[in-house]
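> Kindly return the folded structure for what I paste below:
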Amino acid sequence: MASLRDTLPATIRTERLLLRAPRSSDLADLVALANNWKVIEPTAVMPFPYGIADGELFLSSLDDPAKPRAYAMTGTDDRLMGIISLKIEPGQPPELGYWLGEPFWGQGFAPEAAIGLLDAVRASGLAPVVKARVLASNPASARVLEKAGFTITEHTHSVVERHRGKPLLVLSWSAAP
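Residues are numbered from 1 along each chain as shown. Take a look at the predicted model:
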């Protein structure tokens with residue numbers, strides 16, 4: 001049986017974006033955009049400061065099935081704007097994660113990318129539900145997920161080291177129309 005990771009398309013086009021595999025030519029933009037505490041702080045696992053070695057490690061791990069299936073969010077100039085991914089673990093719904101470089105905030109790119117990826121998930125027929133988690137203190141990210149069709153299903157507290165004990169929202173998206 002085909003896996004969701006292998007069934008997702010190599011590229012996804014939306015009205016203003018191309019989602020494609022991150023590549024080595026993205027390294028400079030990856031580091032420049034990710035090495036920003038405002039971008040990194042709400043993420044669960046990205047290191048800070050984010051340097052060249054971190055970007056190289058990320059780029060070298062893209063084919064690892066234990067790592068999330070990542071897409072580079074790019075505009076018409078094919079320059080990296082951020083990353084959107086699906087963490088796919090056996091027996092669990094996929095989990096959507098993303099970060100967007102600060103210069104691109106507030107322009108609707110994150111929900112557009114999320115909707116594009118979720119449309120591909122729906123088309124695969126392999127994941128009836130996708131989950132996401134966001135800090136309750138990050139209403140902008142919660143709004144991105146709500147615009148993409150997620151609804152809050154749980155109020156809990158974070159267990160990841162960076163955010164241990166902070167209020168956390170768990171959201172769910174359904175592939176059903």
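
> going forward, measure contacts between C-alpha atoms and count neighbours the same way
OK.

> ok, residue 14 - how many residues close by?
When counting by other CA atoms under 10 Å, one arrives at 15 neighbours for residue 14.

> Next, it: phi, psi?
phi -120, psi -170 (degrees, to the nearest 10).

> Would you mind measuring from it to residue 116?
Distance, residue 14 to residue 116, using CA to CA, to the nearest Å: 6 Å.

> Phi, psi for residue 72 please.
Main-chain dihedrals, residue 72, degrees, to the nearest 10: phi -80, psi 130.

> Residue 83 is in contact with that one, correct?
Yes. Residue 72 sits in contact with residue 83 when judged by CA atoms under 8 Å, with a separation of 4.8 Å.

> more crowded one of those two?
Counted by other CA under 10 Å, residue 72 and residue 83 do not tie: residue 72 has more neighbours, with 26 against 23.

> Pairing partners for that one in the sheet, please.
Partner residues in beta bridges with residue 72, using DSSP bridges, are residue 20, residue 83.

> What mean pLDDT does the lengthiest helix in the chain get?
Selection of the longest helix in the chain by residue count, based on DSSP state H, yields helix 109-124. Helix 109-124 shows a mean pLDDT of 98 in the predicted model.

> who touches the lowest-mean-pLDDT helix or strand in the chain?
Of all the helices and strands that make up the chain, helix 4-7 has the lowest average by mean pLDDT, DSSP states H and E, namely a mean of 94. Under the criterion CA atoms under 8 Å, 6 or more residues apart in numbering, residues 65, 69, 88, 121, 124, 126, 127 lie in contact with helix 4-7.

> Which strands or helices does whichever helix or strand comes after it pack on?
Along the chain past helix 4-7, the next helix or strand (assigned with DSSP states H and E) turns out to be strand 12-13. Under the contact criterion of 3 or more CA pairs under 8 Å, 6 or more residues apart in numbering; DSSP states H and E, the helices and strands touching strand 12-13 comprise strand 18-20, helix 109-124.

> who does strand 12-13 pair up with?
Determined by DSSP bridges, the sheet partners of strand 12-13 are strand 18-20 (antiparallel).

> residue contacts, residue 57?
For residue 57, no contacting residues are found, by CA under 8 Å, 6+ apart.

> What separation do you get for it and residue 32?
Taking CA to CA as the measure, residue 57 falls 15 Å from residue 32.

> can you map out the strands along the protein?
For the chain, strands defined by DSSP state E occupy the ranges 12-13, 18-20, 69-74, 80-87, 95-100, 129-135, 151-157, 167-174.
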